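**Student:** Test case, fold it:
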Amino acid sequence: MTDTKPWYLSRTIWAAIVTILTALAGLFGVPLEGFDDAAFVDALLQAVAAVAGVIALMGRLFAQSRIG
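**Tutor:** This next block holds a predicted model:
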């Protein structure tokens, strides 16, 4: 695997982007009125998913070597 490609052709990058956007959409879609524990837990889990997606994306963009 010596070929290289631009970041925007990577399926991994696009999957991470979709994961981040999906988690953020769920996070911002939680209504603040009628706040309950279930909504808080759901929002917290979505925020964690979004952060994990960002970390995965940054790790891939700044990787110095290929996985072998």
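**Student:** got the buried residues for the top helix by length along the chain?
**Tutor:** The longest helix of the chain (DSSP state H) is helix 37-61. Buried residues in helix 37-61, defined by neighbour count with 16 or more other CB atoms under 10 Å: 43, 46, 49-50, 53-54, 56-57. Bear in mind the C-beta positions are built from the backbone N, C-alpha and C, glycine included.
**Student:** Check which helices and strands the helix or strand of the chain with the lowest mean pLDDT is in contact with.
**Tutor:** For the chain, counting by mean pLDDT, DSSP states H and E, helix 11-28 ranks last in confidence among helices and strands (a mean of 77). Here helix 11-28 touches helix 37-61, going by 3 or more CB pairs under 8 Å, 6 or more residues apart in numbering; DSSP states H and E.
**Student:** The helix it packs on - what's its average pLDDT?
**Tutor:** What helix 37-61 shows for mean pLDDT is 80.
**Student:** contacts for that helix?
**Tutor:** Judged by CB atoms under 8 Å, 6 or more residues apart in numbering, the contacts made with helix 37-61 from elsewhere in the structure are 7, 10, 12-13, 16-17, 19-20, 23-24, 26-27, 30-31.
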